[in-house]
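Asker: this one's sequence-less:
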C-alpha cells in the first residue's frame, strides 16, 4: 500500500476511552416499561395518565411496537398536535395501521373525550429536526406540544376538516412504498373528515398512472418543497398541469433532468409560473445549458436563493444573469462543480453589483476560477456589503491573488463563515505540502485580523494525488487537520 509522505501517522495513545458508563433506569422509566408490558393495564390507565407522560409513553410504545397502546392513545391525546418526526423512519405497516385505527375511533366518536385536543398529526418528514415526539427538556414540552407549526403562504392547508395529517410523499421509480399507499387509500376513503397535507413531494422517476392517481388525492396548494429527479423533458411536460396548481411552492429542486429532444429558447415553457418560489436548485441537468434565461421565466416574484451544481453553463447563460429581473434581490447564490475557466466573468461581475445590497451567501466552489478571473471579480465582491458566508473552495488561486481576495473580504464586516482554497504554492504535482500550508495560513489570517476579528475561517486543500486525503487549516485551532 502506497501512503502519501504527508499523511499523519495515527497515534494510538490519543484514542478516547470508549467504555460505556452504566446508568441505572429511573423509577419513572421502570414504571413505564412495566405498564407497557401489560397493555390492558396501560390502556385502562390512559385517562388518569399525567399529560407530561403522554409523549414519552407514546414514543416508547411506537418504537417497541405496542400497537394496541398506540391505538388507544390517539383518541385521548391531550395536545392539539402530535409530531412523530424522524421517528417515523422506524415505522412499519402495522404501526401505521395502529395509529390510523386510533384516528378512526376518534372520528367516529360523537362526543370526544374531554382530554382529547388532537387536531393535527405531523406524520412523516425526513427533514424534521426533532428526534422523537418533542425537543428539549420536560419544561419545554407543554409549549412545544401545544404550538401549531404555521404553514406560510399555504391557504390550501387551512381546509376545515376534523383532522389534518401532514406528511411527506416520495414516488420512487414511479411507485409509492406500502405505507404511503395505505395512508393514501385510507385518506381517500375519509376525505370528508381528513385533510391529507403533503408539504414535501419527491418524484424520482415517473410512471404516469401513479402520478394521476396521486394527484386525485393530493392537495397541491399544500406542497411547499418539490424535488423532481431522473426525468426527461417530456416528463416535465406531462407534469406541467399539476405543477401549475402548486400556488404555494417555495422550494423547487431539479436533478438529473435530461434533454431528449431538440428545443429552442422559445420552447422553455415546460415549467409554469411559480408565484412564490423562494429557492431554485438545479443539479446535473444537461438541458440547462444555454437555456438558463428561458428557465428563469418561471419566476413570478423575486427569487431568494439560486443553486446550480454539476451543470454546464454557456457564455449566454452568464450574460443573461444581470438582466433577469426576478433574481436582482437574490440572498444566496451557489455555483458548484461548474467549469467557468473558459468563460468571461464580466456579466457575473455586473450581476454581483446589482445584488450587492441583498446578497448574504456567495459560494463559488469547484468552478475552476483562475487568478485573472478572480481579479475581475474582486471589485464587485467588495460591494456585497451584506455577505455573511463566502466560499471559494477548490479554485486555482496563487498566493498573491489569494492575498488580494482576503484584502477585499477583510472589508466585509458582516461575514460569519469564510472558506478559501489553499494557494497553488501548497502543492507539488498534486501532492499536498501540509507544512507549507501550516506556515502560510497565519500570514493569510493576519490580513483579515488587521481589519476585523473573523468568526469562522478555513483554508482547504484539494485531495492529495497519492493518498486521496486533504487538509483543512482553521482559525479555531490554527492548525492543519488531515481528513479522508
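Answerer: Structure's in. What do you need? Worth saying up front: this structure is predicted, and the values here are computed from it rather than measured. Residues are numbered from 1 along each chain as shown.
Asker: start and end of stretch 461-478, how far apart?
Answerer: One end of stretch 461-478 sits 15 Å from the other (C-alpha to C-alpha, to the nearest Å).
Asker: got the contact list for that stretch?
Answerer: 2-4, 6-7, 394, 421-422, 426-427, 429-432, 434, 437-438, 441-442, 445, 454, 456-460, 479-484 (C-beta atoms under 8 Å, 6 or more residues apart in numbering). Quick note: C-beta positions are derived from backbone N, CA and C, even for glycine.
Asker: for stretch 443-450, same thing?
Answerer: Outside of stretch 443-450, the residues within contact range by C-beta under 8 Å, 6+ apart are 402-403, 406-407, 409-410, 418, 420, 454, 457, 459, 475, 478.
Asker: same deal with stretch 278-295?
Answerer: 233, 250-259, 263, 265-269, 271, 299, 303-314, 316-317, 320-321, 324, 332.
Asker: now a ChimeraX select for only the buried ones of those.
Answerer: In ChimeraX, a selection of the buried entries from these looks like this (16 or more other C-beta atoms under 10 Å):
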select :233,250,251,252,253,254,255,256,257,263,268,271,299,303,304,305,306,307,308,309,311,313,317,320,321,324,332
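Asker: now, the contacts of stretch 278-295 that are in strands?
Answerer: Under the assignment DSSP state E, those contribute 251-258, 305-309, 332 to strands.
Asker: any chance of these in JSON lines, plus pLDDT and distance to residue 111?
Answerer: Listed next are those as JSON lines, based on pLDDT from 0 to 100; distance: C-beta to C-beta, whole Å:
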{"residue": "251", "pLDDT": "97", "distance to residue 111": "42"}
{"residue": "252", "pLDDT": "96", "distance to residue 111": "45"}
{"residue": "253", "pLDDT": "96", "distance to residue 111": "46"}
{"residue": "254", "pLDDT": "95", "distance to residue 111": "50"}
{"residue": "255", "pLDDT": "95", "distance to residue 111": "50"}
{"residue": "256", "pLDDT": "94", "distance to residue 111": "53"}
{"residue": "257", "pLDDT": "89", "distance to residue 111": "53"}
{"residue": "258", "pLDDT": "86", "distance to residue 111": "57"}
{"residue": "305", "pLDDT": "97", "distance to residue 111": "49"}
{"residue": "306", "pLDDT": "97", "distance to residue 111": "53"}
{"residue": "307", "pLDDT": "97", "distance to residue 111": "52"}
{"residue": "308", "pLDDT": "97", "distance to residue 111": "57"}
{"residue": "309", "pLDDT": "97", "distance to residue 111": "55"}
{"residue": "332", "pLDDT": "98", "distance to residue 111": "51"}
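Asker: farthest pair within the residues you listed?
Answerer: 258 and 332 (26.6 Å; C-beta to C-beta).
Asker: what subset of the contacts of stretch 443-450 is buried?
Answerer: Buried by 16+ other C-beta under 10 Å: 402, 406, 409-410, 418, 420, 454, 457, 459, 475, out of the contacts of stretch 443-450.
Asker: now the stretch 201-350 of the chain, which segments are flagged as low pLDDT?
Answerer: For the stretch 201-350 of the chain, the stretches with pLDDT under 70 are 260-270.
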